[in-house]
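Enquirer: no sequence on hand, only this structure:
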């Protein structure tokens, strides 16, 4: 419990993170003041530092939570699925859904994560690498089973780039359901744009 | 001529832009002070505002120049090329080369362009749309000629995302030449990962 407010500590932390995302999105990480974040979270300066420690810790916490959520969603999506093509489609859907649901966090993470240093940068890179491995494993398994022709590092990074960059253009409230967008992006990567011989 | 230094005006502006890219990359747009930019460019406050006008104008100028450079390189790359597959490959190479050569500008543009407002936001969106059209036209022409199977907006955005996101992971000094990376990304989009029937 947080003795100053009677709130459970986790929910105070959540409230601060939510305020931080908004302030980081509006003012950028470097432009954001801890006092603005405290004000937006309705928490006093001392209590803010007690819960968070530093602005960099705040940024780390929100990017870490985001990648962990994406990892968990990805793992759940392919659990029990055997076919690599279906696994790939499920991963793409999970990715686009996570991005849509966590739009503000993703935007701040994409723009600001380069700011992290030392142990935090290292830990985040490790988590992002685990997420990359999810895709690499599905592609590699597909190659082993004869379903996929390629699974190089450049292919994996290309696929992740294509999916990640949707945070710049995809409107989750747009006319096309996010699953439809994910399915079309999957088809683009699975089949390519070129007309196949004999078609 | 810039009467205070005897330099041609354009080169003073270039010098300021170069300083701004470095400061924006280190401190973020919101965290960057015009006085830091002035110091880095070795120019006095009054002269700085005379040449640039505002911090937002600086950001606009550097993002605009970058998109114009990409547009020009893309147009040159496909000039005289007839085959849509070769046009696509040429566009991808031009894109990755431009990103590699203008790495700092691209990084700042990707992270900070959302900050632009009003006329500047509008003008940049128009330029980015022209660049998107380059890819859309090549894909659409390919469909008309029977070479490509698809050219929806989602395909175009997917391709651009895949290419744009390379600024996050591609090391222009890495072991693989940037043209090789571009060619592999082209092949991924042209042919997809799935093994074709009968192969």
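Expert: Sure, I can see it. Just so we're clear, the structure is a prediction, and the values are computed from it rather than from any experiment.

Enquirer: so what's residue A:161 closest to, chain neighbours aside?
Expert: Leaving aside its chain neighbours, residue A:161 sits nearest to residue B:165 (2.9 Å; criterion: C-beta to C-beta, 6 or more residues apart in numbering or on different chains). For the C-beta atoms, the positions are set from N, CA and C on the backbone; glycine is no exception.

Enquirer: what's around residue A:29, how many residues?
Expert: Residues near residue A:29, counting by other C-beta atoms under 10 Å in any protein chain shown, number 25.

Enquirer: which residues are contacting the helix or strand encompassing it?
Expert: Remark: residue A:29 resides in helix A:9-31, with elements defined by DSSP states H and E. Residues outside helix A:9-31 that contact it (C-beta atoms under 8 Å, 6 or more residues apart in numbering or on different chains) are A:1-2, A:5, A:7, A:32-33, A:36-37, A:40-43, A:47-48, A:51-52, A:55, A:58-59, A:61-62, A:65, A:104-105, A:107-108, A:111-112, A:115, B:27-32, B:112, B:115.

Enquirer: so is the lengthiest helix in chain A next to chain B?
Expert: Counting by DSSP state H, the longest helix found in chain A is helix A:118-144. Yes: counting by C-beta under 8 Å from any C-beta of the partner chain, chain B is contacted by helix A:118-144 at A:139, A:142.

Enquirer: what mean pLDDT does that helix have?
Expert: Mean pLDDT, computed over helix A:118-144, is 97.

Enquirer: let me see the domain layout of chain A.
Expert: Domains of chain A are assigned by automatic domain parsing as A:1-53, A:54-191.

Enquirer: can you put these in JSON lines and add distance to residue B:127?
Expert: Shown next, in JSON lines, are those (distance: least, C-beta to C-beta, whole Å):
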{"stretch": "domain A:1-53", "distance to residue B:127": "23"}
{"stretch": "domain A:54-191", "distance to residue B:127": "15"}
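
Enquirer: any idea of the angle the host helix or strand of residue A:61 forms with helix A:9-31?
Expert: Secondary-structure element containing residue A:61, defined by DSSP H and E: helix A:55-78. Interaxial angle of helix A:55-78 relative to helix A:9-31 (axes from the mean of the first three to the mean of the last three C-alpha atoms, to 10 degrees): 110 degrees.

Enquirer: can helix A:55-78 be said to contact chain B?
Expert: No: under the criterion of C-beta under 8 Å from any C-beta, chain B is not reached by helix A:55-78; the shortest gap measures 11.3 Å.

Enquirer: low-confidence ranges in chain A?
Expert: Low-confidence segments of chain A (pLDDT under 70): A:1-7, A:197-199.

Enquirer: please repeat the previous calculation with a cut-off of 80.
Expert: Low-confidence segments of chain A (pLDDT under 80): A:1-10, A:196-199.

Enquirer: would you mind measuring from residue A:94 to chain B?
Expert: Separation of residue A:94 from chain B (C-beta to the nearest C-beta, to the nearest Å): 17 Å.

Enquirer: meant to ask about residue A:193
Expert: Residue A:193 is 5 Å from chain B, by C-beta to the nearest C-beta.

Enquirer: still on that earlier bit, mind checking which of the contacts of helix A:9-31 are buried?
Expert: Neighbour-count burial within the contacts of helix A:9-31 applies to A:2, A:32, A:36-37, A:40-41, A:43, A:47-48, A:51-52, A:55, A:58-59, A:61-62, A:105, A:107-108, A:111-112, A:115, B:27-32, B:112, B:115; the criterion is 16 or more other C-beta atoms under 10 Å in any protein chain shown.
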